[in-house]
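[1] 3D model of this:
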Amino acid sequence: MPALNYHKQFAPAIEAGQKLQTIRAMRKVPVKAGDTLYHYTGMRTKACRLLGVSTCQSANQIDIIRWAGNRAVFLQDCPGGGQRRLTNMEILDLATKDGFKHTDTFFDWFVSDNHHFTGQLITWSEITPF
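    Numbers count the residues shown, from 1 in each chain. Here you go, the predicted structure:
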């Protein structure tokens, strides 16, 4: 039963059921399909609020890379655990679904120049609001 905390800028989209995915750093115990997800904003503060509860549909490894002016996203969603590189249109779709208006802001959020982010792309189909 993983608890996921969101910056307040993402809370309205979560509550409205518009944001149905999140990208998170790898945990000691990774999130897996079927897990009950508890979505919060303001955890560990007086403003903590439960946004809703959902069931994880999928949790795939994602690698976001930026180097020498280049960018790439690899998603482990292939049978047998293989990774595939996303196209520019797929990256734009991924960024939009995750709450970003542009791929530039998406990459800025996760990686600085010459860095690599490895985490999980966690998806759910609907959220039960609170």
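[2] in terms of pLDDT, where does Asn114 sit?
    At Asn114, the model reports a pLDDT of 75.
[3] the helix or strand Pro12 falls within packs against which elements?
    Using DSSP states H and E, Pro12 maps to helix 11-15. Other elements packing on helix 11-15 under the criterion 3 or more CB pairs under 8 Å, 6 or more residues apart in numbering; DSSP states H and E are strand 36-41, strand 49-67, strand 115-129. From N, CA and C alone the C-beta is placed, and that goes for glycine too.
[4] export these to JSON lines and tack on mean neighbour count and distance to Leu92?
    Shown next, in JSON lines, are the helices and strands packed on helix 11-15 (neighbours: other CB atoms under 10 Å; distance: least, CB to CB, whole Å):
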{"stretch": "strand 36-41", "mean neighbour count": "19", "distance to Leu92": "24"}
{"stretch": "strand 49-67", "mean neighbour count": "18", "distance to Leu92": "14"}
{"stretch": "strand 115-129", "mean neighbour count": "17", "distance to Leu92": "15"}
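[5] okay, buried residues for the lengthiest helix in the chain please.
    When the chain is parsed with DSSP state H, its longest helix is helix 88-97. Within helix 88-97, the residues that qualify as buried are 91, 94-95, 97, counting by 16 or more other CB atoms under 10 Å.
[6] low-confidence stretches in this protein?
    78-79 (pLDDT under 70).
[7] how far away from the center of its chain is the longest helix of the chain?
    Relative to the chain's own centre, helix 88-97 is displaced by 12 Å; criterion: CA atoms, centre = their mean, to the nearest Å.
[8] next, Gly99: secondary structure please.
    Under the three-state scheme (DSSP: H, G, I helix; E, B strand; the rest coil), Gly99 adopts coil.
[9] what's the burial count for it?
    Other residues near Gly99 come to 20 when the count uses other CB atoms under 10 Å.
[10] is it true that it touches Ala13?
    Yes - at 5.7 Å, Gly99 counts as touching Ala13 under the criterion of CB atoms under 8 Å.
[11] what do those two both touch?
    Counting by CB atoms under 8 Å, 6 or more residues apart in numbering, the contacts common to Gly99 and Ala13 are Lys19.
[12] all good on my end, thank you.
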